[in-house]
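1. here is a sequence with its predicted model. Questions after.
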Amino acid sequence: MALGILVHTAGSTYRRPGAMLLMAEGGEYAGLLSGGCLEGDLGERARVVIATGQAALVTYDLRNSDDLVWGLGLGCEGAMHILLLRVGPREEWQPLAHLAAALAAHRPTAIGIVTESRDDGLPAGALILPRAPGASASSGQVLPAEAAAVLEPHALAALAAAPHAESIGWLQGPDGRWKLLLLPLSLPPRLLVLGAGPDALPVVELAGRVHWRVTVVDHRPAYAVPSHFPLAERVLLARPDEVTPALDLSHFSAAVVMSHHLPSDLEYLRVLSASSLPYVGLLGPPARREKLLSELGSEAQRLRQRLHAPVGLNLGGRTPEAIALAIVAEIQAFLHGMLQARSEHHE
């Protein structure tokens, strides 16, 4: 197969740098770099890369409003530079194998890809992969010492600042002899749903559709049934006081309390008040929120600034599916805004 990586854009484009597209020799592909307009032409170019093993940098400049070259009337008014790499047994399926292993372990990582080079021994498309835990040496093609020394700490620093961000970085060799794209793996958020009633199902389904990792917890055996939540990563039968021993809450990005059982919701909030989760959502009207916070006493102060109650954006609609859409949309907006703020702060 061939892996297409969007390395640079100008003007208005469908995707941002760092987006990827995987193409098979037969024309099948997964992912999008445009709205489907350029993928056919990329597939033709991918066949050459697959056959020869030579990486190729492809440029599409659609800033000409006449669009005479392509004749597609795309109206994107942007330019894209896409690097095509062969990925297969000869390459040990890298960098896909490395990224897949890190994703399965939910482990931050990044890869380095040479996009431009005037060094005969360092062709465009050369890879450097950070050392896996317990490994004795880096995988991938060996790069100059200065690149290998800088990549991993630079990548880990960027990932520590924003582990879910879709941001890329660049490293440049002496005298500009080579340019290295630093591509971090965008880890999916982890969502904790506390309460497994019927209205939790669309929340889990929507979160799963956007590839979040969802854990569902309920103390009722009739509700905490894994087959009810096929898109959940885990369904746990546990009382509220068993949540902390069973789960590391620091691994989660957000939690939603929706058990419809007042004593359980109170204990869930008590557990979450002692955590560092940046987003805590609570289902129910304001009067119910204030009753629960009042019963929490002094512990409520640790929770108020992080509590979103009633949970969800005010999108309208009263069905469980509409409420689920409002909840997932609010969490998405919150996490994106938080990561944007972190990025601007570090800049």
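-> It's in.
2. can you list the domains in the protein?
-> For the chain, automatic domain parsing gives the domain ranges 2-91, 94-119+126-131+153-186, 190-340.
3. any chance of these in CSV, plus mean pLDDT and mean neighbour count?
-> Bear in mind the C-beta positions are built from the backbone N, C-alpha and C, glycine included. Formatted as CSV, the domains of the chain follow (pLDDT from 0 to 100; neighbours: other CB atoms under 10 Å):
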stretch, mean pLDDT, mean neighbour count
domain 2-91, 81, 16
domain 94-119+126-131+153-186, 76, 18
domain 190-340, 94, 18
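4. who does the helix or strand hosting K291 touch, helix- and strand-wise?
-> Taking DSSP states H and E as the criterion, K291 maps to helix 286-296. When contacts are defined as 3 or more CB pairs under 8 Å, 6 or more residues apart in numbering; DSSP states H and E, helix 286-296 packs onto helix 262-273.
5. hmm, L296 is touching R304, no?
-> No - distance between L296 and R304: 9.6 Å, which falls outside the contact criterion (CB atoms under 8 Å).
6. just to revisit the earlier point, off-centre distance for the helix holding K291?
-> 34 Å (CA atoms, centre = their mean, to the nearest Å).
7. host element of the residue lying closest to G4 once chain neighbours are set aside?
-> Leaving aside its sequence neighbours, G4 sits nearest to L21 (CB to CB, 6 or more residues apart in numbering; 4.1 Å). If you go by DSSP H and E, L21 is part of strand 20-23.
8. against H228, how distant is G173?
-> Distance, G173 to H228, using CB to CB, to the nearest Å: 54 Å.
9. how about P189?
-> With CB to CB as the criterion, P189 and H228 are 22 Å apart.
10. over to V243?
-> 19 Å.
11. the stretch 1-150 of the chain: strands as residue ranges?
-> 2-11, 20-23, 29-30, 56-61, 78-86, 110-117, 127-128 (DSSP state E, counting those that start in this stretch).
12. can you redo these as CSV with distance to A254?
-> Putting these into CSV (distance: least, CB to CB, whole Å) gives the following:
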stretch, distance to A254
strand 2-11, 28
strand 20-23, 26
strand 29-30, 27
strand 56-61, 37
strand 78-86, 33
strand 110-117, 24
strand 127-128, 34
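13. out of those, nearest to P263?
-> strand 110-117 (45.1 Å; CB to CB).
14. adjacent strands (with direction) for that closest one?
-> strand 127-128 (antiparallel), strand 178-184 (antiparallel) (DSSP bridges).
15. downstream of the last one, the next helix or strand is which one?
-> Read that as strand 178-184. Following strand 178-184 toward the C-terminus (DSSP H and E): strand 190-194.
16. list the helices and strands that next one packs on?
-> helix 200-209, strand 213-218, strand 254-257, helix 262-273.
17. need these in TSV with distance to A287, can you?
-> Conversion of the helices and strands packed on strand 190-194 to TSV gives the following (distance: least, CB to CB, whole Å):
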stretch	distance to A287
helix 200-209	22
strand 213-218	24
strand 254-257	16
helix 262-273	12
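18. still on that earlier bit, from the chain's centre, how far out does the helix or strand following the helix holding K291 sit?
-> Next along the chain after helix 286-296, taking DSSP H and E as the criterion, comes strand 307-308. Between the centre of strand 307-308 and the centre of its host chain there is 23 Å, according to CA atoms, centre = their mean.
19. residues contacting stretch 39-57, please?
-> Outside stretch 39-57, the residues within contact range by CB atoms under 8 Å, 6 or more residues apart in numbering are 1-2, 4, 7, 21, 23, 25, 27, 29, 32-33, 58, 81-86, 88, 90, 115-116, 123-125.
20. how far away from the center of its chain is stretch 235-252?
-> 23 Å.
21. mind checking the end-to-end distance for that stretch?
-> 15 Å (CA to CA, to the nearest Å).
22. please apply the same query to stretch 300-316.
-> End-to-end for stretch 300-316, by CA to CA: 29 Å.
23. could you export the strands paired with strand 110-117 as JSON lines, including distance to H336?
-> Below are the strands paired with strand 110-117 laid out as JSON lines (distance: least, CB to CB, whole Å):
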{"stretch": "strand 127-128", "distance to H336": "29"}
{"stretch": "strand 178-184", "distance to H336": "16"}
